[in-house]
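[1] have a look; sequence and predicted model below, questions after that.
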Amino acid sequence: MKKVLFVLTAFLMGIGFANAQQRSFHLQYQGEASLGVGIGIGTYDMTRIPVRTVHGVRLNENFFVGAGLGVDFYTSDGCGTIIPIFLNAKAYYPVTDRISLLAALDLGGGVGAGDFSSLGGFLIDPQIGCSMNIQNGHALDFTFGYYHQSLTRDGLSVNAGALGFKVAYVW
């Protein structure tokens, strides 16, 4: 996990330094709604369907920061729900006028609901992908990543990890 965080941090910093000459801050609201699937891996391979929304500020062409809220529906080992609450950061690297590579990181926690009401814990989701501008500041983001959700109960914590794919509509 530490290696993944180090590589993602290095990538985000590299984009920032590579575009230092073009940096001009132009704060603008950005929102997104996403739907994905996470295929469970590891000992606690719990498959989930995350539905999330993120709202924040696009700092310039290359950087975004915001906060998110969602509902992750777990479909294996019984049904349960986790409500993720997180901070989101994205770095964009334009390849063409319409397509940008992106790296994203969700960092926060999850609170159990329904059958999972006594569960919750740390959440981190590093992602990579691309963003395609469709028109007038609207885009579609496609990302692949790793969903790490700690599920803690009575002092015992397990990782319900998953490899995920997500599609987001950005406005």
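    Structure's in. What do you need? Residues are numbered from 1 along each chain as shown.

[2] use CA for all of it now, contacts and neighbours both
    Noted.

[3] for the chain, what spans make up the strands?
    For the chain, the strands defined by DSSP state E occupy 28-40, 48-58, 63-74, 80-94, 99-113, 120-135, 138-153, 156-159, 162-170.

[4] partner residues bridging the residue most central in space within the chain?
    Centroid-nearest residue in the chain: Asp106, 4.2 Å away (criterion: Cα atoms, centre = their mean). Note on Asp106: beta-bridge partners Asn88, Asp125, judged by DSSP bridges.

[5] and it, how far from Lys90?
    9 Å (Cα to Cα, to the nearest Å).

[6] do the same with Arg153
    From Arg153 to Lys90 the distance is 31 Å (Cα to Cα).

[7] so between those two, which is more surrounded?
    Neighbours per residue (other Cα atoms under 10 Å) separate Arg153 from Lys90, with Lys90 holding more: 18 against 13.

[8] now that one: how far from Val65?
    7 Å.

[9] try Val111
    Separation of Val111 from Val65 (Cα to Cα): 22 Å.

[10] and for Gln30?
    9 Å.

[11] need the residues touching each of those two.
    56-58 (Cα atoms under 8 Å, 6 or more residues apart in numbering).

[12] from those residues, which would you call buried?
    Neighbour-count burial (16 or more other Cα atoms under 10 Å) applied to the shared contacts of Gln30 and Val65 gives 56-58.

[13] nearest to Gly164 among those residues?
    When the buried ones among the shared contacts of Gln30 and Val65 are ranked by distance to Gly164 (Cα to Cα), Gly56 comes first, at 22.7 Å.

[14] hey, what's the closest one bridged with?
    Bridge pairing for Gly56 - DSSP bridges - gives Gln30, Gly66.

[15] ok, now Tyr146?
    Counting by DSSP bridges, the residues bridging with Tyr146 are Leu163.
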